[in-house]
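>>> Make a model of this:
(4 chains)
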Number of protein chains: 2
Amino acid sequence: MAKDVAGRQPKYQRIAAELKDAIAAGEYGPGARLPGESDLMSRYGVARMTARQAFGVLQAQGLAEARKGAGVFVREYQVVIRRRGIQRLAVEVWGAGGSIWDVDGKGREPVVEFLGVTDEAAPDAVAAVLGLGEGATACVRRRRFLLDGKPVMLATSYLDAALVAGTPVAEPDSGPGGIYARLAELGYGPARFREEIRSRMPGPDEAARLGLTAGTPVVLVCRTAYTAEGKAVEVNEMVLDSAAYVLEYEFDAR
Amino acid sequence: MAKDVAGRQPKYQRIAAELKDAIAAGEYGPGARLPGESDLMSRYGVARMTARQAFGVLQAQGLAEARKGAGVFVREYQVVIRRRGIQRLAVEVWGAGGSIWDVDGKGREPVVEFLGVTDEAAPDAVAAVLGLGEGATACVRRRRFLLDGKPVMLATSYLDAALVAGTPVAEPDSGPGGIYARLAELGYGPARFREEIRSRMPGPDEAARLGLTAGTPVVLVCRTAYTAEGKAVEVNEMVLDSAAYVLEYEFDAR
DNA sequence: GCATCGAACATATCTAGACATCTACTGGCG
DNA sequence: CGCCAGTAGATGTCTAGATATGTTCGATGC
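Here you go, the predicted model:
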């Protein structure tokens, strides 16, 4: 093996680096087809598994995407949704009955696909935050957001089932202004929010439900809504396609 | 090949799923060593490359980590740093001369490793935000944050070089309260911040500088500081190890 | 008792070839 | 002209090896 001439770098990494440079140099634009496995085999004089490994590096970085039977393609930039964490939730928005997604910019609003409302036991951490006692159930609302038919976010809301039973919150259509407006009518209007943000690679189930290609992480946003008295009334766990979203928070220095 | 009995699932995915279940069931705790490649070969009757592919799935999901010559291990949960976006930057904190990292919780404060200050051309997008004219340079401060000796964040600040020339901002040690206190003394104290958050897989360089294992995405935070007059005075691009950080934003509904 | 060397073992890389499965294109047929 | 079957070509999966390189740990020697 002629490893020494490559400066101790495995062949597949060198090939991957060259392809990456070629992409960066504009030789292959977004959506363009990269050389096939057999092309790399003859060009670099390697076995097919080695060429595949090189493609594997690019796919793991989210730079390329293989389509079975067609080839390996440079991944196209995805549409970016700006999600403004703070203005989105201002009382002026949901208090007036407008959808909180109205401010999401540039007319590209995800479409909500409602997946169901159930009463079930909440995860321990969620139950603790909501102050649910032993055996108490949560009202769980599951939704999926689609942009141009492509899923971009999964959302799961947890509320105290005893609090919202019989109200539109427990119905598929929660009415104008969403569940925050309903909570306000019940005397539990959210006054303060906390959002916690993490990121990791998706599990196989999340990748399937979001239609993610290899090398695309997910962003986890966990939002907790508090009343003015400091009672947590809703926990909303969101799983976002990281290629589709930019989160934005704007705030004063005081 | 006995594909049909597995319900159309490739062998390597089935093996990966079984290992994952075993991890979830607690058979292999954090840091424990998983069965070796030859173990899987004999247990499932597959070739070496197939067993390796199964490990590859777990590594891509960030669940396992291979150490050459030693084995494949369940990845340990990393220490989590809470980064509070809003309180961190309140004037009470930096205005009083305290480090903005003081509020980062639980005594686990990253140590700043200073990488240098230079005057150089800023990227186009940054130059546009800062209002830098043609040929104007930016004062660029690069830092790396370490927790227990392990790098967890890379940060690059851009400021108008003409504004901060000759001040401590252009020095390695920017003095008590950091560069925001210095900017305030110059009459450009930040009054408003915007943080934009994205996530993606790291490039080879980022992975190396943060010591990331395969399957760990990075979180990108781009913070822009504005004066009360709306002038952007600083752009801070941060690259975070997603396994080390939880970002937190807390805000009122009005 | 401690340091060092070496063998056993583990993963990392690579080859050469086989069969499976999906895509896209090309003809031919209605 | 349009639809559809056939086919070439592409990636996906899998095997069975070989060689390279790093880790671990016991045995040896000082």
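>>> okay, how far is it across stretch A:63-76, tip to tip?
This stretch, stretch A:63-76, spans 9 Å end to end (CA to CA, to the nearest Å).
>>> correction: stretch A:167-187
13 Å.
>>> For it, which residues meet the burial criterion?
For stretch A:167-187, burial by neighbour count (16 or more other CB atoms under 10 Å in any protein chain shown) applies to A:167-170, A:174, A:177-184. C-beta here means a position set from N, CA and C on the backbone, and glycine is covered the same way.
>>> Skip the chain neighbours and tell me the closest residue to A:I86.
Distances taken as CB to CB, 6 or more residues apart in numbering or on different chains put B:F251 closest to A:I86, at 5.1 Å, once the chain neighbours are dropped.
>>> Go ahead and confirm that neighbour touches A:F193.
Yes. Using CB atoms under 8 Å, B:F251 is in contact with A:F193, at 6.0 Å.
>>> can you count the residues close to A:K20?
18 (other CB atoms under 10 Å in any protein chain shown).
>>> wait, what's in contact with it?
By CB atoms under 8 Å, 6 or more residues apart in numbering or on different chains, the residues touching A:K20 are A:58, A:61, A:63.
>>> cutoff 10 Å now
Each residue near A:K20 by CB atoms under 10 Å, 6 or more residues apart in numbering or on different chains is listed here: A:54, A:57-58, A:61, A:63-64, B:203-204.
>>> Please see if stretch A:156-171 touches chain B.
No. Contact of stretch A:156-171 with chain B (CB under 10 Å from any CB of the partner chain) is absent, the minimum separation being 16.4 Å.
>>> Show the average pLDDT along that stretch.
In this model, stretch A:156-171 has an average pLDDT of 92.
>>> most neighbours, which of the contacts of A:K20?
Neighbour-wise, the contacts of A:K20 (other CB under 10 Å) top out at A:A54, 27 neighbours.
>>> wait, isn't that residue in contact with A:Y44?
Yes. A:A54 lies in contact with A:Y44 (CB atoms under 10 Å); the separation is 8.6 Å.
>>> got the residues of chain A near DNA strand C?
A:1, A:3, A:10-13, A:45-50, A:53, A:67-70 (CB under 7 Å from any atom of the strand).
>>> Run through those residues and flag the ones next to chain B.
Within the residues of chain A next to DNA strand C, those near chain B by CB under 10 Å from any CB are A:13, A:49.
>>> Pull out the buried residues from the residues of chain A next to DNA strand C.
Here, 16+ other CB under 10 Å leaves A:11-12, A:46, A:50, A:53 buried among these.
>>> would you turn those into a markdown table with secondary structure, pLDDT and distance to A:E76?
Output for those, formatted as a markdown table (DSSP: H, G, I helix; E, B strand; the rest coil; pLDDT from 0 to 100; distance: CB to CB, whole Å):
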| residue | secondary structure | pLDDT | distance to A:E76 |
| --- | --- | --- | --- |
| A:K11 | helix | 96 | 28 |
| A:Y12 | helix | 96 | 24 |
| A:V46 | coil | 96 | 28 |
| A:T50 | helix | 97 | 27 |
| A:Q53 | helix | 97 | 24 |
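>>> ok, back up a step: now tabulate the contacts of A:K20 in JSON lines and tack on pLDDT and secondary structure.
Shown next, in JSON lines, are those (pLDDT from 0 to 100; DSSP: H, G, I helix; E, B strand; the rest coil):
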{"residue": "A:A54", "pLDDT": "97", "secondary structure": "helix"}
{"residue": "A:V57", "pLDDT": "96", "secondary structure": "helix"}
{"residue": "A:L58", "pLDDT": "97", "secondary structure": "helix"}
{"residue": "A:Q61", "pLDDT": "94", "secondary structure": "coil"}
{"residue": "A:L63", "pLDDT": "96", "secondary structure": "coil"}
{"residue": "A:A64", "pLDDT": "96", "secondary structure": "strand"}
{"residue": "B:G203", "pLDDT": "88", "secondary structure": "coil"}
{"residue": "B:P204", "pLDDT": "85", "secondary structure": "helix"}
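>>> Out of those, which is nearest to DNA strand D?
A:A64 (9.9 Å; CB to the nearest atom of the strand).
>>> Can you tell me, leaving aside adjacent residues, what's nearest to that closest one?
A:L58 (3.9 Å).
>>> go on, A:V46?
Nearest non-adjacent residue to A:V46 (CB to CB, 6+ apart): A:K11, at 5.8 Å.
>>> For the closest residue to chain B within chain A, give me its contacts.
At 3.6 Å from chain B, A:P217 is the closest residue in chain A, using CB to the nearest CB. A:P217 sits next to A:62, A:199-202, A:240-243, B:62, B:199-201, B:215-219, B:242 when contact means CB under 10 Å, 6+ apart.
>>> now with 7 Å?
A:199-201, A:242, B:199-201, B:217 (CB atoms under 7 Å, 6 or more residues apart in numbering or on different chains).
>>> Next: A:S42.
With CB under 7 Å, 6+ apart, A:S42 has no contacts at all.
>>> now the strands: where do they sit in the stretch 101-250 of chain A?
Secondary structure of the stretch 101-250 of chain A (DSSP state E, counting those that start in this stretch): strands located at A:111-120, A:138-147, A:150-160, A:190-200, A:218-227, A:232-241, A:245-252.
>>> State the pLDDT value of A:F55.
97.
>>> before we move on, what about A:D104?
We note a pLDDT of 46 for A:D104 in this prediction.
>>> pretty sure A:E113 contacts A:L147?
No. Counting by CB atoms under 7 Å, A:E113 does not reach A:L147; the two are 11.2 Å apart.
>>> out of these two, which sits in the busier spot?
It is A:L147, of A:E113 and A:L147, that has more neighbours when counted by other CB under 10 Å, with 19 against 12.
>>> was I right about the more buried one contacting A:P110?
Yes. At 4.8 Å, A:L147 counts as touching A:P110 under the criterion of CB under 7 Å.
>>> so what's in contact with those two at the same time?
With CB under 7 Å, 6+ apart as the test, A:L147 and A:P110 both reach A:I81.
>>> May I have the secondary structure class of the residue in chain A that DNA strand C sits nearest to?
Using CB to the nearest atom of the strand, the closest approach of chain A to DNA strand C is made by A:G69 at 2.3 Å. Following DSSP: H, G, I helix; E, B strand; the rest coil, the label given to A:G69 is coil.
>>> Kindly report the same for A:A51.
Once three-state DSSP is applied, A:A51 turns out helix.
>>> how much space between it and A:Y12?
8 Å (CB to CB, to the nearest Å).
>>> Could you list everything the residue lying closest to A:V111 once chain neighbours are set aside pairs with in the sheet?
Leaving aside its sequence neighbours, A:V111 sits nearest to A:L146 (CB to CB, 6+ apart; 4.7 Å). Counting by DSSP bridges, A:L146 is bridged to A:V111, A:P151.
>>> Touching, A:V164 and A:R141? I think so.
No. At 9.7 Å, A:V164 and A:R141 do not qualify as touching, with contact defined as CB under 7 Å.
>>> Next, count neighbours for the spatially closest residue to A:R143 that is not a sequence neighbour.
Counting by CB to CB, 6+ apart, A:R143 lies nearest to A:A155, which is 4.7 Å off, once chain neighbours are set aside. As a burial measure, A:A155 scores 18 neighbours (other CB under 10 Å).
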